[in-house]
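1. Got a predicted structure plus its sequence, pasted below:
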Amino acid sequence: MMRRLASLKFAAVLFAFFAVAACESDKSKTDVSNAEPAKPGSERDFIVNVGDRVFFPTDVTTLGDAAKETLRRQAAWLKLYPSVKIQIEGHADERGTREYNIALSARRGSTTKAFLVSQGIQPARVSTIAYGKERPVALCDAESCWSQNRRAVTLITSGAAS
C-alpha cells in the first residue's frame, strides 16, 4: 500500500512538472532583449523597444488601455520609419471552432489595423492575416496559456534596417 501511495505521489509530481513546462511559451522566438542593443529602425528595435503584440480578453476584439498604449508606440515608430510595411497577425486561443476563431482573429487584426490608421499610419502600409487557433505560442489547457494566444502580432514585412 505504501509503495502504491509513493508511486501515485511521484506520478502527481511528474504530472505537475510537465503541466507547468507545457505552459511555458517558446521564448527563443520572441525574447531578443538579452543580446546586443537593437539597431534603430530594425525589426529587433521594434520588438524590444516598442512591442510587437497586443492581447485580448476571451471573445473580445476591442482594444484595452495597455493594447492602445502599445499601438501608439508602434504608430510613433512607424512614423519615424515611413518605408516600413507591416502585417498584423490575428490569433485566438484553442477554445471554439476553427471557423469561429478564424473570424475572431480576423476582427482582432482589423481592429488593430484600424487603430494604427487612426494614429496616422497609411492603410496601404498595413496588411492583416487571421490564423485563429492555428499558431499558438503557449500550449496547455489553462488560462495562463490561452491568454498568451489571444493576440495580434505586428510583423515587419519590408523596409526595416538590417
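-> Arrived safely.

2. where does this protein dip in pLDDT?
-> Of all residues in the chain, those with pLDDT under 70 make up the ranges 1-35.

3. all strands of this structure, in order?
-> Defined through DSSP state E, the strands belonging to the chain, from first to last, are 53-55, 85-91, 126-132, 151-158.

4. Just list what the last one packs against, helices and strands only.
-> Using 3 or more CB pairs under 8 Å, 6 or more residues apart in numbering; DSSP states H and E as the contact criterion, the secondary-structure elements in contact with strand 151-158 are strand 53-55, strand 85-91, helix 98-118. All C-beta spots, glycine's among them, are computed from the backbone N, C-alpha and C.

5. still on that earlier bit, could you export the strands of the chain as a markdown table, including mean neighbour count and distance to L139?
-> Rendered in a markdown table, the data for the strands of the chain read as follows (neighbours: other CB atoms under 10 Å; distance: least, CB to CB, whole Å):
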| stretch | mean neighbour count | distance to L139 |
| --- | --- | --- |
| strand 53-55 | 21 | 17 |
| strand 85-91 | 23 | 13 |
| strand 126-132 | 18 | 15 |
| strand 151-158 | 20 | 15 |
